[in-house]
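Sequence plus predicted model, see below.
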Amino acid sequence: MSLLAVQDIPSIPALLAARAAGTPDGEALWSPTTAGWSPMTWSQVADTVRRGAAGLRAIGVHDEDRVALLSTTRTEWILADLAILTAGCATSTIYPSSTPDECAFIIGDSGSRVVVVEDDDQLEKVRAIRAKIPDVVAVIVIDGPGDGDWVLSWEQLHERGDRWLAARPTGVDDIVDAITPDRLASVIYTSGTTGRPKGVELLHDSWLYAAGAAAQRRILMADDVHFLWLPLSHAFGKVVEVVMVDTGVVSWVDGRVDRIIDNLAEIRPTVMAGAPRVFEKAHNAVLSTVRQEGGVKLGLFRWARDVAMRVSRLRREGRRVPPLLAAQHRVADTLVLAKLRARFGGRIRGFVSGSAPLAAEIIEFFTAAGMPVLEGYGLTESAAGSCINPPDAVVPGTVGPPLPGTDVLIADDGEVLLRSRGVMRGYHGLPDETAAVLRNGWLHTGDIGVLDGNGYLWITDRKKELIKTSGGKYVAPAAVEGKVKAASPYVSQVVVHGDRRKYVTALITLDPDAIARWAQGRELPADPAVLAGTAEVRQLLQEALDRVNAQLARHETIKRFAVLGTEFAVDTGELTASLKVRRRVVEQRHAAVLDTLYDEAIDRV
């Protein structure tokens, strides 16, 4: 049950209190341990959060002080975040992959007074910048000891909380009672594709709105089994956290990406949210495996996939499935589709994809197999939740209709404008930047899109990333890139290029696992860096590009391409921490390669 649907709740701590009172013995969070998995009930969560909040007050934080949180996704991240909010403070999130200098900027810019870190590795980052963050009075380390000075252990924080509560039995309750919906809850720094990040100020009401609206759309329900590995530093992960408290769903929490496949088999979840890259890799792994097997298995897979997609499209259009096709679908499900679902635990009710676009072809693939991918849309500036596909009415290629309470307007130039309670208060300390995107009550997203006749939103590109060829034709690179990734399981990432050039080109990276499987039996090395330079790989990719180009207008087609030996990465600056490609950085780093693709001798349109 969604508490937000039936109660007037003013803050996230009040929501947690209502959840703990309503289902005190209900399973809340499962955490991995060396011996297996360890559960916490909602009453245990609330008690731990209460002690943590009291510990923060004992350290000396006050209302609306910021506390920075630097950790991977784990149960303690959730407990720390809820404790920060329960102490009347706001959380400043830091991606665990951040450099010491990036940490210094966020901690300093947000004015954080305390920093919670995961372990010794993250602690060393903060120690290295201590001189740059003089306002930080203490660091809390989740896994590790205190130092008797600046650093407290997780246990020491809660021990201080116990002493503070002994002297003030109603102290935390009084703090929570004073938190109003317009109180600052989060300062989340947009990773951005260029420039320094901006701190997005989101209120308790922002998150309560987004969570309540998502619950109305049945994204998570009380009887689901939820697997959470999403980066909680990202707005997408944060809104999922609040939905968890709202609905009381049991969640298995493990942010280790290398454990996703094993955890799916062990947990057998009904719902899992993820970034598009996870679904792209899963799609590529399935396709490259069956292509490697070849023969009858490949033929059977293609037949079953085609049957499933025909049935899926008929159902989506509200049309009757002919008896013969229905019979074929039952056979396809038994022989192929059920085995595919079993790879993901066998109980998936729906995947949720957000934070970046996912190719419609990949959404169609999973949805037809009985595992709907609910692609959503939102910005950090709108508390992540603005639109999402309903579980029973997925339209691949769209991000679904607006959530209840969100208004969408398409400006004259095609830009998507949003208005809802979820929209940010503003950028922290940046009034001019705030005024540039918040105008007349509307958030100007910078995305280009259209609303169809059924109210579904189609995002076609970023306003500032549209390519205009020297011939004056516009190209939406994200749409072309999605088609290329869907056309070949061996493609990892694509950057389409061609602004002010005579034609369109592309930089392509290889999926290491998929291309290694393909290389087996061909007397080729498995190393992507070596394969990238082979004629065989170029031919493989050219065939995929030929299929894509056949679907595009002539000015959109990719005339030439280069294969890079390594994938784009966060540590090279080519990806943001949320795995979005920094297009300008990629173009700058590989400018010499791109220039070779525009040899005037073959320059033609």
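On my side now, so go ahead.

care to break the protein down by domain?
3-248, 274-346+348-463, 466-602 (automatic domain parsing).

among those, which gets the worst mean confidence?
Among the domains of the chain, domain 466-602 carries the lowest mean pLDDT, a mean of 88.

Output the domains of the chain in JSON lines, with distance to R268 appended to each entry.
Every C-beta, even on glycine, is put in place using the N, C-alpha and C of the backbone. Output for the domains of the chain, formatted as JSON lines (distance: least, Cβ to Cβ, whole Å):
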{"stretch": "domain 3-248", "distance to R268": "7"}
{"stretch": "domain 274-346+348-463", "distance to R268": "4"}
{"stretch": "domain 466-602", "distance to R268": "24"}
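
Point out the most buried one among those domains.
domain 3-248 (a mean of 20; mean count of other Cβ atoms under 10 Å).

For the longest strand seen in the chain, name the packing helices and strands.
The strand that spans the most residues within the chain, counting by DSSP state E, is strand 442-451. Where contact means 3 or more Cβ pairs under 8 Å, 6 or more residues apart in numbering; DSSP states H and E, strand 442-451 is packed against strand 407-410, strand 415-419, helix 431-437, strand 457-462.

With just CA atoms, put it into CSV.
Presented in CSV, the C-alpha positions along strand 442-451 are these (Å, rounded to 0.1, in the frame of the first residue of the first chain):
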residue,chain,number,x,y,z
TRP,A,442,8.2,25.7,-16.2
LEU,A,443,11.4,23.7,-16.1
HIS,A,444,13.2,24.0,-19.5
THR,A,445,14.7,20.6,-19.9
GLY,A,446,17.0,21.1,-22.9
ASP,A,447,15.5,17.9,-24.4
ILE,A,448,13.6,17.8,-27.7
GLY,A,449,10.4,15.8,-27.9
VAL,A,450,6.9,15.3,-29.0
LEU,A,451,3.6,14.2,-27.4
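
tell me how far that strand is from the chain's mean position?
Centroid displacement of strand 442-451 relative to its chain, using Cα atoms, centre = their mean, to the nearest Å, is 19 Å.

Listing partners with orientation, what would you give for that strand?
Here strand 442-451 is paired, per DSSP bridges, with strand 415-419 (antiparallel), strand 438-439 (antiparallel), strand 457-462 (antiparallel).

Give me the contacts around that strand.
Applying Cβ atoms under 8 Å, 6 or more residues apart in numbering, the contact partners of strand 442-451 are 379, 381-382, 408-411, 414-419, 423-424, 436-438, 457-464, 466, 476.

Check stretch 571-585 too.
Here stretch 571-585 has contacts from 95, 97-98, 191-194, 231, 233-234, 236, 275, 277, 355-356, 465, 477, 493, 495, 568-570, 586, 589, using Cβ under 8 Å, 6+ apart.

Among those, which are located in strands?
Counting by DSSP E, these contribute Q493, V495 to strands.

Now, the contacts of stretch 571-585 that are in helices?
F236, R277, P477, V586, R589 (DSSP state H).

Nearest spatial neighbour of the third one, chain-adjacent residues omitted?
Put plainly, it is P477. Nearest residue to P477 in three dimensions, chain neighbours excluded: V496, at 3.9 Å (Cβ to Cβ, 6 or more residues apart in numbering).

can you tell me which residues contact I558?
I558 neighbours (Cβ under 8 Å, 6+ apart): V480, V484, V496, V504, T505, A506, L545, V548, N549.

Serialize those residues to JSON lines and add fields for secondary structure.
Below are those laid out as JSON lines (DSSP: H, G, I helix; E, B strand; the rest coil):
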{"residue": "V480", "secondary structure": "helix"}
{"residue": "V484", "secondary structure": "helix"}
{"residue": "V496", "secondary structure": "strand"}
{"residue": "V504", "secondary structure": "strand"}
{"residue": "T505", "secondary structure": "strand"}
{"residue": "A506", "secondary structure": "strand"}
{"residue": "L545", "secondary structure": "helix"}
{"residue": "V548", "secondary structure": "helix"}
{"residue": "N549", "secondary structure": "helix"}
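
OK, contacts around W42?
Here W42 is in contact with R19, A20, T23, P24, D25, G26, A28, G248 (Cβ under 8 Å, 6+ apart).

Helices of the stretch 151-300 of the chain, start to end?
Counting by DSSP state H, counting those that start in this stretch, the stretch 151-300 of the chain has these helices, from start to end: 154-167, 171-177, 204-216, 235-247, 260-267, 276-293, 295-316.
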